[in-house]
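# give me the fold of what follows.
(2 chains)
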Amino acid sequence: MIRFQGTANTLGLLFCGTMTASMSHEIKNALAIVNENAGLLDDLILLSEKGRPLNPERLKTLAGDIRRQVQRADSIVGRLNRFAHSAGQPVTTTDIKEILEFTAALAARMAAMKGVTITVADTTILLQARPFIVENLLWLCLKHLFAMSTGNQTVQLGAESADSHVVIGIQFDEGVAVEEIGKLVTQEGQPLIVALQADVSVDAHRHLIQLTLPKKFEE
Amino acid sequence: MSVQVLLIDDDQDFLNILSERLMIRDMDVTTVSSATEAFTLVESRPFDVIILDLQMPEIDGLQALERFKAINADLQVILLTGHATVAKGVQAMKLGAADVLEKPVDIRVLTEKIKKTQAQTTAGLRGGEQNTTASSSDRGMSGNISRLIQGIQKRFKKN
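Below you'll find the predicted structure:
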């Protein structure tokens, strides 16, 4: 496993880069709107100095819009902070649903850009693993789907318990080249698969990729 | 006659607020949230300037720019982006963008660019240079690219 550590870290670095670029872009968009709102306040003040009355309702709406954008940016910063901390997180016991939901939230903007909707099935299974590596492997599946997407697609993340293992299911729409995605994920994600002691399988009939992980991680 | 602006961004809040600010500056602004809607619009009525977000769902800004130029080579497109990179900037200018501006944008800079772009279009049409956008873009390209690169270099020096 040690010989794969370097490449797992490299994949982790790429994952970090992609996610931070996406989140910083989202923050920039929120800031751009705050900037325009502040600018519009300036405009309205200038107009009032020229005789056009200030409408208190309009000002209230603008204040509300600014607050909403600050909340939006704050939520993205919160996600970014959690993600940054997760990179160094050791093996820990986590509810798999938390990992699935967090990965879906991380990928949401990129999914929207590609016309993909990610849903997460309701499930509660405890998994002992490094969450960051699980998220990274899930991201590889989503990344390859996004690259092939022609829009209007959905992908569902779910998990079920199978004795001593957790089986994470990534369910695609009919017509998606699931075998191709599975092949790419297995090749690119090999260091992550090894690090997680996982197994990747493809069920083409059910348009499903399954990641099987041990519930209890053996060092 | 006021400048006819088509504003394209997938963020409805951004569209609303920027269009209001441009309208205060006596511009006639039409907003759409996708490039696909914009393609139909530009085929049915004239616009002096198109302001286009670089990162959008379905069709991104560069693909949309290419399509606009294919519909009408004289269309003037200013790209707005959250993060400008030299590579994307150069690509945009090569595809015939009038300019590439980074968000958050200073309204005075944007207004100036819109007016300048409209003035160039009007001058071009008056001089009988209609449908020669490729050559006029080529003339402006090196200057625009060099300004973009200079801006990025300045930012690096600051940091």
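
# can you tell me how far the residue of chain B found nearest chain A is from residue A:98?
Per C-beta to the nearest C-beta, residue B:104 is where chain B lies closest to chain A, at 3.5 Å. All C-beta atoms are positioned from the backbone trio N, CA, C, and that covers glycine. Here residue B:104 is placed at a distance of 34 Å from residue A:98 (C-beta to C-beta, to the nearest Å).

# which neighbouring elements make contact with the longest helix belonging to chain A?
For chain A, the longest helix by residue count, based on DSSP state H, is helix A:2-49. Secondary-structure packing of helix A:2-49 (3 or more C-beta pairs under 8 Å, 6 or more residues apart in numbering or on different chains; DSSP states H and E): helix A:56-86, helix A:96-113, helix A:131-148, helix A:190-196, helix B:12-24.

# redo these as JSON lines? Include mean neighbour count.
Shown next, in JSON lines, are those (neighbours: other C-beta atoms under 10 Å in any protein chain shown):
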{"stretch": "helix A:56-86", "mean neighbour count": "14"}
{"stretch": "helix A:96-113", "mean neighbour count": "20"}
{"stretch": "helix A:131-148", "mean neighbour count": "22"}
{"stretch": "helix A:190-196", "mean neighbour count": "21"}
{"stretch": "helix B:12-24", "mean neighbour count": "19"}
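
# contact residues of chain A facing chain B?
A:21, A:24-25, A:28-29, A:31-37, A:39-40, A:43, A:47, A:65, A:68-69, A:112-115, A:151 (C-beta under 8 Å from any C-beta of the partner chain).

# ok, residue A:151 - how many residues close by?
10 (other C-beta atoms under 10 Å in any protein chain shown).

# now do the contacts for it.
A:114, A:115, A:116, B:58 (C-beta atoms under 8 Å, 6 or more residues apart in numbering or on different chains).

# mind listing the residues bridging to the most centrally placed residue in chain B?
The centre of chain B sits closest to residue B:78, judged by C-alpha atoms, centre = their mean, with a distance of 1.0 Å. Residue B:78 has these beta-bridge partners by DSSP bridges: residue B:51, residue B:99.

# ok, residue A:83 to residue A:69 distance?
For residue A:83 relative to residue A:69 (C-beta to C-beta), the value is 21 Å.

# nearest to chain B: which residue in chain A?
Closest point on chain A to chain B, by C-beta to the nearest C-beta, is residue A:35, at 3.5 Å.

# remind me which helix or strand residue B:63 belongs to.
helix B:61-71 (DSSP states H and E).

# buried residues, stretch A:16-28. List them.
A:16, A:19, A:22, A:23, A:25, A:26, A:27, A:28 (16 or more other C-beta atoms under 10 Å in any protein chain shown).

# quick one: mean pLDDT for that stretch?
Looking at stretch A:16-28 alone, the average pLDDT works out to 94.

# gap between that stretch and the chain center?
11 Å (C-alpha atoms, centre = their mean, to the nearest Å).

# what's next to that stretch, contact-wise?
A:73, A:76-77, A:79-80, A:83-84, A:87, A:106, A:109-110, A:139, A:143, B:55, B:82-83, B:103-104.

# which residues does the residue nearest to residue A:217 when sequence neighbours are not counted contact?
Counting by C-beta to C-beta, 6 or more residues apart in numbering or on different chains, residue A:217 lies nearest to residue A:128, which is 4.5 Å off, once chain neighbours are set aside. By C-beta under 8 Å, 6+ apart, residue A:128 lies in contact with A:91, A:92, A:93, A:214, A:215, A:216, A:217.

# wait, a helix at residue A:128?
No - counting by DSSP: H, G, I helix; E, B strand; the rest coil, one finds residue A:128 to be strand, located in no helix.

# that one bridge partners, please.
Beta-bridge partners of residue A:128, as defined by DSSP bridges: residue A:93.

# do I have it right that residue B:36 meets residue B:59?
Yes - using C-beta atoms under 8 Å, residue B:36 is in contact with residue B:59, at 6.6 Å.

# quick one: low-confidence parts of chain A?
A:1-6 (pLDDT under 70).

# the longest strand in it is where?
Using DSSP state E to define each element, chain A has its longest strand at strand A:153-162.

# check which element follows it along the chain.
Assigned by DSSP H and E, the successor of strand A:153-162 is strand A:165-172.

# give the burial count for residue A:117, as a bare number.
The burial count for residue A:117: 14, using other C-beta under 10 Å.

# actually residue B:50, not the one I typed
Using other C-beta under 10 Å: residue B:50 sits among 26 other residues.
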